[in-house]
Every structure is written in structure tokens, then in C-alpha cells.
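# below are the sequence and a predicted model; questions follow.
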Amino acid sequence: MHRLYEFLRRHPTGVDSFWAVLLLGLCALTLTENSNGLQSPVQRAAAVGVSLLMCTVVALRRRMPEKMLLLAIVVGLAQLALDVGANLYDVPMLVIVYTVASGPHRWASRVALAGGVLAPVLYSLRWPDKSSNSVTHDLFGLAFAAFPFLLSWVLGDRMRTRRAYWDQLEERAARLEKEREQQAKMAVTAERARIARELHDVVAHNVSVMVVQADGAAYVLDSSPEQAKQALETISGTGRQALAEMRRLLGVLRTEDGSAPAGEYVPQPDVEQIEELVEQVRGAGLPVDYRVEGSARPLPSGVELTAYRIVQEALTNTRKHGGPDAGASVRLTYFDDGLGLLVEDDGRGAQHELYESGGADGMGHGLIGMRERVGMVGGTLDAGPRPGGGFRISVLLPARPGR
């Protein structure tokens, strides 16, 4: 049944042609019985022509509705001129009124409505009812004759409105689907940027520590084997930490739903681990003064992760750009409405273009990542040269992350 419906839907002209042939047969029976009172051969020939043309209107009503409407009007006027009375072959007028009213062209719909209203009036003027002696009876007869035309037009116009409504729903659904795809792409891009920042922080910090320790171990290998051994142990521990964090990030990329497999989660760094980070940096040879001011309290995980990554990146930059004798200080201050970070060093500082625009050589993305992290939680960041030499990073993070 569904296949038959789809076949008929794909071939509307064939369906209309079937009904046109059926109507033509009924018209032939009617003319054969001469039930319409046609007397002259001219009237009979005109009635045959009217039947053929009206059946053509039915067959082509959906392929060329406006032209068929004009053809029906011309045939109707010809009936008036040739004195061919109304009969079964006039039914296609109702069909074409419905078809045009359901179409997109409003001018054709108005013409069909006007024609449907005028047709009974012209018919009554051409063939008046001689048995009627009352104006009320005549008006009632006109209204009764015009009702089928008005009903056809109303049904067609309602179909046009319903079709426009469904088209609007389909367009809206397509637009929402497109917007959903765009939002999904934006989410993927944002997630990639987040993972890129995480990888940058992990690689930049841990590899920097490993390089410093490897250089120190190579320098004291012959003169102080114990220090070289400690440096190698630091390299080993730092490497394992880096591998654990990278495994967590890569596990997110490997899973289809964006979640790491069970049993492979690694806790996100928080504010309490900043002290361990500072001890690790001290072990790598960079003196760091670490202080906490205010009453410590739990903060949102996103804020704590941002604070940890800011300190990690700032100390990494100090090792990279501060010079051999640089020292650093880290100060955490708990406020009523947030957390303040101040990381300073007394080294030579980085080149101005590295923290101003990211650098022409592709370097300096650590500070760009800092600004993105701070912006994601609704905080503020100020980074630049420190009076008297060195570099300073000042951050204020809210107690509640921003949108």
C-alpha cells in the first residue's frame, strides 16, 4: 500500500489523467442520452468541445494550474455565448478553483475566487428561472450555486496554508540541524584548544625540568656521582608524571564519547599541589619563595586547575627566560570573592614581543594560553616586565567561574 501511495505521489499528472478519462466517459454517456436538452447540432458539437476541454483542465491542473484556470474561464464564457447549459462537464471548474487556491500564486487564487462568485450570477442572467417570482428566492438560489465554488476555494487556501506551515517546519528543522552541527564543531574546536593547552603545560614544564636536570647530571657526573644520581631520579619521576598526564589527555582523544576509559583517570591538579610543584622546581635548581596568605577554602575545580597551570607555566618561563641566576616567588592570596596569584622573578625576563603578541617565530604561546585559561573562568591577568628587572604575572580568579 505504501508503494502504491508513493507511486501515485510521484506521478500526479497520471492520476489526474485517469480522472479526466473517467469524467470524459461520464460526459459521453450524458451527451448520448441528451439529458441536457441540447437541440441544435451546434450546441451538441459545442458540448462535446466543452467536455474535451474541461477534461483537459482536470488532466493538466497540477502541471500548469494558471493556464488551466484561464482555459476554464474561456470555456465558461463560450458556454454562455453558445447557449450550452451547465452539466457534468462543468465539475472541473470546482477542481481548478481548489487547485489554484492551494498554489503559491495569489493573483491566480483571487481570480479563481472572483470567477467562482461571478459564475452563478452570469448563469442566472443567461438562463433565468422563469418560475421564480421572489427576489429572495433568486438570491437564495445564487448563494446555493456559489457555495460549492466558495467551499472549493476555502479548502484550497487552507491546503496552501497547511503546506506553507509544513515547509516552514522543515526549513526550521534543517536550520536547527545545521546550527547543531556548527555547535558540535565549535565544541570540538574548543576541546582541542583545551587539550592543546594542557599538553603545552605538561610538556613545557616537565620537559624543561628534565632538560635542566640532565644538564646538571652531565656536569657533575664525574665529580659528584650522588648529585648525578639524584638528578636522574628527578628526571625519572618527572617523566613518569608527564607520561601519566599525557596518557590521560590522549585517552580522552582515543575514546569515541570523549571520556577516558574506566581505571585510567588521573586527578586534575589543584591548588594544594602547587606546593609540590614548587618543591619540584626547587629540586630542578630554581630557588622559589612560596607563600600563602588568607584562609584557604575549597574553590571550583576549574579555578583550581587554572591556578595550578598558571603557576606551572610562569615558573617554566622563568627557567626558560630568566637566566642562570634567576629566582622566583609565588604568592597565593585568598580573598572573600576569589583567589589572587602573583608570580615574580628577578631574571632578565623574556623579549617584549613574546608576551605582547606571541612572537613572530611561533614562541610565546604559554602566555596566550594563560590568558585563555583565565578568561574561561572569568578572571583577569596582567603580565609584563617587573620594575627593577625580571617578569611578573598577576592573576585574579573569581570564587565562581564565569561563563
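Received it, and whenever you're ready, just let me know what you need.
# and the residue nearest the centre of the chain, what element?
In the chain, the centroid-proximal residue (C-alpha atoms, centre = their mean) is Glu179; its distance is 0.5 Å. In this assignment (DSSP states H and E), Glu179 forms part of helix 135-220.
# also Asp336?
Assigned by DSSP H and E, Asp336 belongs to no helix or strand.
# check Val292 too.
Assigned by DSSP H and E, Val292 falls in strand 288-293.
# what does that strand contact?
Residues from elsewhere that reach strand 288-293, judged by C-beta atoms under 8 Å, 6 or more residues apart in numbering: 274-275, 278, 281-282, 315, 327-334. C-betas here are computed from N, CA, C, even on glycine.
# most widely separated two among the residues you listed?
Maximum pairwise distance among those (C-beta to C-beta): 24.4 Å, between Gly327 and Tyr334.
# picking that back up, what is the helix holding Glu179 packed up against?
The elements that helix 135-220 packs onto, with contact taken as 3 or more C-beta pairs under 8 Å, 6 or more residues apart in numbering; DSSP states H and E, are helix 91-101, helix 106-126, helix 225-254, helix 301-321, helix 365-376.
# in JSON lines, list those helices along with mean neighbour count, distance to Val203 and mean pLDDT.
JSON lines is the format used below for the helices and strands packed on helix 135-220 (neighbours: other C-beta atoms under 10 Å; distance: least, C-beta to C-beta, whole Å; pLDDT from 0 to 100):
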{"stretch": "helix 91-101", "mean neighbour count": "24", "distance to Val203": "70", "mean pLDDT": "92"}
{"stretch": "helix 106-126", "mean neighbour count": "17", "distance to Val203": "66", "mean pLDDT": "88"}
{"stretch": "helix 225-254", "mean neighbour count": "15", "distance to Val203": "7", "mean pLDDT": "74"}
{"stretch": "helix 301-321", "mean neighbour count": "23", "distance to Val203": "10", "mean pLDDT": "85"}
{"stretch": "helix 365-376", "mean neighbour count": "19", "distance to Val203": "11", "mean pLDDT": "78"}
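# reformat those as TSV; add distance to Glu66.
What follows is these, written out as TSV (distance: least, C-beta to C-beta, whole Å):
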stretch	distance to Glu66
helix 91-101	7
helix 106-126	5
helix 225-254	59
helix 301-321	63
helix 365-376	59
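# if we can go back for a sec, compute the inter-axis angle for the helix holding Glu179 and helix 91-101.
Interaxial angle of helix 135-220 relative to helix 91-101 (axes from the mean of the first three to the mean of the last three C-alpha atoms, to 10 degrees): 40 degrees.
# pull the helix or strand with minimum mean pLDDT from the protein.
helix 352-356 (a mean of 49; mean pLDDT, DSSP states H and E).
# ok and the strand holding Val292 relative to helix 301-321, angle-wise?
150 degrees.
# dump strand 288-293 to CSV, restricted to CA.
Taking Å, rounded to 0.1, in the frame of the first residue of the first chain, the C-alpha atoms of strand 288-293 are listed here in CSV:
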residue,chain,number,x,y,z
VAL,A,288,61.4,29.8,44.7
ASP,A,289,59.8,31.6,47.6
TYR,A,290,56.3,30.3,48.2
ARG,A,291,53.7,31.9,50.5
VAL,A,292,50.0,31.5,51.1
GLU,A,293,48.0,34.4,52.6
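# in its sheet, what does it sit against?
Sheet pairing for strand 288-293, assigned by DSSP bridges, gives strand 328-334 (parallel).
# list the buried ones in the strand it pairs with?
For strand 328-334, a neighbour-count test (16 or more other C-beta atoms under 10 Å) marks 328-330, 332, 334 as buried.
# pipe those residues into TSV and attach distance to Gly340 and pLDDT per row.
Formatted as TSV, the buried residues of strand 328-334 follow (distance: C-beta to C-beta, whole Å; pLDDT from 0 to 100):
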residue	distance to Gly340	pLDDT
Ala328	17	91
Ser329	14	92
Val330	11	93
Leu332	7	93
Tyr334	8	91
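# any idea how many residues pack against Asp90?
Asp90 has 19 neighbours, counted by other C-beta atoms under 10 Å.
# which residue comes closest to it once chain neighbours are left out?
Among residues not flanking Asp90 along the chain, Met54 sits closest, at 7.0 Å (C-beta to C-beta, 6 or more residues apart in numbering).
# element containing the one you found, please.
Of the helices and strands defined by DSSP H and E, Met54 is found in helix 41-59.
# quick one, whatever helix or strand comes next after that helix and helix 91-101 angle?
Going down the chain from helix 41-59, the next helix or strand is helix 65-82, by DSSP H and E. Angle, helix 65-82 to helix 91-101, by the same axes, to 10 degrees: 150 degrees.
# circling back to that earlier point, in the strand holding Val292, what's buried?
288, 290.
# ok, Val395 - contacts?
Residues near Val395 by C-beta under 8 Å, 6+ apart: 307, 310, 340-342, 370, 374, 379-382.
# how far away is Glu179 from Arg62?
Remark: distance between Glu179 and Arg62 (C-beta to C-beta, to the nearest Å) = 35 Å.
# same thing with Met186?
Counting by C-beta to C-beta, the separation of Met186 from Arg62 is 44 Å.
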